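A.B. asks: model the structure of this input:
(chains A and B)
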Amino acid sequence: MSLFNLFGRPSFNHGIHPPSNKTVTGKTPIRRLPFPGMLVIPLSQHIGKPAIPIVRKGEEVVRGQPIAKADGFVSVPIHAPATGRIKSIELMPTAQGRNAPSILLEVYEGATQEVLWGEEQAIGDMSDEALRQAIQNSGMVGLGGAAFPSHVKLTIPEDKSVDTLIVNGCECEPYLSCDHRMMLEHPRALMRGIRYAMRATGTKQAVIGIEDNKMDAVETLRANLPREGSISVEAVETKYPQGSEKMLIKSLLGREVPTGGIPAEIGVVVNNVGTLAALGQLLPKGEGLIERVITVAGPGVKHPGNYLVPLGTPIGFVLDQVGYEGSETEFILGGPMMGPAVSALDTPVTKGTSGLLVLNEPNIEAETLRIWPCIKCARCVDACPMHLNPSHLGLLAAKRKYETMAEEFHLNDCFECGSCSYVCPSNIPLVQYFRIAKAINREQAA
Amino acid sequence: MKIKPQIELRTTPHAHAPDDVVRIMRNVVYALLPIAGFAIWQFGLSVLALLIIVTLSCLLTERFFNWMGSGYNSLGDWSATITGLLLALTLPPAFPLWMGAVAGFAAISLGKALFGGLGMNVLNPALVGRAFVQAAFPVAITTWTPAFFDGRFSQFAPSTLALPFLRPPSVDSWVELLQIDAFSGATPLALHKFEGIQTDTIDLLTGMTMGSAGETSALLILACGLYLAFRRMLDWRIPLTVMGGVVLTSALLSLVDPEKAPDAIFMLFSGGLMLGAWFMASDMVGSPVTPLGILIYGLLIGSLTVVIRVYGGLTEGVMYAILLGNAATPLIEQITQPRVFGQRASK
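C.D. replies: Residues are numbered from 1 along each chain as shown, chains lettered A, B, ... in the order given. Here you go, the predicted model:
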């Protein structure tokens, strides 16, 4: 309740406190994994139109070279994550569950894997327009998990203006710590990225929001702030889903994004720390996004940590490297609250993959996973960060009143954070109900 | 990949809070045990038998409706046990056992199974059971017997073992034999209402009074309720607003009608208010889920209790106040839907 938080750190109302499980990985520096023999590179690793391949089967590519170009404005190019030969372009499994066209790249074993592509760019001399183009050319998307093309996000619609750039360093999902490590290990690249983003959006101030379980990152970034004071660092309460755009804006600025709206409507644009740090690293060199840091953790991982892996690395290869022994059965890309479980181990790490978790919930038949009727305990109502009434929505879903859910009970404001399902003592899969309801409503509307 | 594991697919979230229905219900049972223990210590064998028979009756009825319905055994969720214990604790200590069994049957069948079982009931099942026997056996439910008499662990009150469907024997001669000083056979509320005698607050807190088996010690009930509230198995907002409603209404009445209105402290700690506020009004199923709704619900129950006690024909009003609150809950929820994040206030 907000009452108890009057003297605490800035925060939003409601939310939950799942165990963080970050202690081990948060303290381990980022390490590089070896290159796998084969990379699986989906053409659609971002929201928007899939990229169009510009290589042929059998063609040799060097690390960093573009292999697919953007298809229009809401799309980004893809660069070769390794030096090797294009084996084929075919349908491969993805984290979304459906097979999608992907480029298969056979990695040369003996190659030095130096990045041989890209020219230095003088960002300072660029126009804002050219800067945004350069961002698109880098293939950058939101690395926090949404994978929304960065240049689109940093292009403010003409009828709107923004005053504040919020840099999201919350990393509120349990287990994940890749953003934490990026902040600790690449603070200067992050500062560069923040300045690029401020220029692209025309904002005069930037606020970095970090959950207060990462005070070392707060200190590190404060020590690296530019003197002129346009960027500040703010510690916010450690609470899920603090890292959701709308929640973080509320916590830091007290503004609420109107329902169905975007942050730009209240003068804010939000970017993830990992994204901006990567931009700060890549843009000056004119390089593309070819690798990323993922947190590999969970009870099934012998050597948990943060690993730098080429995009397209199959998760089965990662598991071999981190000492997975085969007893755990659930593989999740991203955090445990919102990350999808994958059905095949040749599913690749893509631009939006922030973590690989190996969990174990073997007793699916156990009494603890039984679904009881809703006892109206109101825990979900007190957990929902959007102040919805999940209890009532769940009852409506059971009656298949999907339209009522959307029209009278704001179903479409739900962003599926999972807080309601997390707290539900009856184990009702509320989020899944809501996803189904939304999908059916979409189908009805179409 | 060297190892070929079996892969399980599940939807998000992949984490879950430790609490589930069984754990919550079990903790409510734990919290009720000290109250039941105190009642046994206070009134002896009669209450022990009453607790067992009423709870058994609830469990058997629940199992019977399981068998009639889905076949799933729902005794494991402990909710029928809670209903049984709560119901027994609201009955007079010398209540005939067979009537207790009827109360248990009515509680589960009319209060719960008829609506569709756990989570579906509108009214609190224990109170439905009590309301049923209040209407069916008006004499037995207002027959009070003394506490802490010698030999309470070696003999039953004569009415306890009354034969089914026969008029229970009068307890008057039995009470005389016990030779209790100053036993009036009236609860503090009745004493106050009809004779203008105010019971000492300390006696109300510690349970040194007449009353239903489990309602006498306000302090013990408060402690058990607080245990649940601290373990977050009980919504502290409900008992607090109920008690707030009692205090506010008492204060208001004492302004309007100082002759009749009792003081707030007496209203709070006498009768079934504490047990009702902490363990029955707070029953999750029958209370609203919306924050504003909880406030309205609690205040409604608190103020209705005082109004019934002061102006009604009955001495006690907690039961009907909570049942009315339960009945009003769907309506209260409808008008108190929370303001959604990002929704403009004017809309």
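
A.B. asks: average pLDDT across stretch B:174-188?
C.D. replies: What stretch B:174-188 shows for mean pLDDT is 72.

A.B. asks: start and end of it, how far apart?
C.D. replies: The straight-line separation of the ends of stretch B:174-188 (CA to CA, to the nearest Å) is 22 Å.

A.B. asks: who in the stretch 51-200 of chain B is up against chain A?
C.D. replies: B:76, B:77, B:117, B:118, B:119, B:120 (CB under 8 Å from any CB of the partner chain). Backbone N, C-alpha and C define where each C-beta goes, glycine included.

A.B. asks: is it correct that the fifth one falls within a strand?
C.D. replies: No. Using DSSP: H, G, I helix; E, B strand; the rest coil, the assignment for residue B:119 is coil, not a strand.

A.B. asks: leaving out the residues flanking it, which one is nearest to it?
C.D. replies: Leaving aside its sequence neighbours, residue B:119 sits nearest to residue A:373 (CB to CB, 6 or more residues apart in numbering or on different chains; 3.4 Å).

A.B. asks: cool, and the last one?
C.D. replies: Using CB to CB, 6+ apart and skipping the chain neighbours, the partner closest in space to residue B:120 is residue A:373 (6.5 Å).

A.B. asks: how much space between that neighbour and residue B:13?
C.D. replies: 21 Å (CB to CB, to the nearest Å).

A.B. asks: show me which of the two is the more surrounded one.
C.D. replies: Remark: of residue A:373 and residue B:13, residue B:13 carries more neighbours, 28 against 18, as counted by other CB atoms under 10 Å in any protein chain shown.

A.B. asks: report the separation between the closest residue to chain A within the stretch 101-250 of chain B and residue B:250.
C.D. replies: Residue nearest to chain A within the stretch 101-250 of chain B: residue B:119 (3.4 Å; CB to the nearest CB). Distance, residue B:119 to residue B:250, by CB to CB: 34 Å.

A.B. asks: neighbour-wise, which of the two wins?
C.D. replies: Using other CB under 10 Å as the criterion, residue B:119 and residue B:250 rank with residue B:250 on top: 23 against 20.

A.B. asks: got the phi/psi numbers for that one?
C.D. replies: With angles defined as degrees, to the nearest 10, residue B:250 sits at phi -60, psi -40.

A.B. asks: so who does it touch?
C.D. replies: B:261, B:262, B:263, B:264, B:267, B:306 (CB atoms under 8 Å, 6 or more residues apart in numbering or on different chains).

A.B. asks: count of neighbours near the fourth one?
C.D. replies: Neighbour count for residue B:264, taken as other CB under 10 Å: 18.

A.B. asks: can you pull out the helices in the stretch 101-250 of chain B?
C.D. replies: Using DSSP state H, counting those that start in this stretch, the helices of the stretch 101-250 of chain B run over residues B:125-136, B:172-178, B:188-190, B:201-206, B:218-230, B:237-256.

A.B. asks: least confident of the ones you listed, on average?
C.D. replies: Of all those, the minimum mean pLDDT falls on helix B:172-178 (a mean of 78).

A.B. asks: what comes up buried for that helix?
C.D. replies: Buried residues in helix B:172-178, counted by 16 or more other CB atoms under 10 Å in any protein chain shown: B:174, B:175, B:178.

A.B. asks: next one: stretch B:128-145
C.D. replies: Using 16+ other CB under 10 Å as the burial criterion, the residues of stretch B:128-145 that qualify are B:128-134, B:137, B:140-145.

A.B. asks: again, but for stretch A:207-222
C.D. replies: Those would be A:207, A:208, A:209, A:210, A:211, A:212, A:213, A:214, A:217, A:218, A:220, A:221, for stretch A:207-222 by 16+ other CB under 10 Å.
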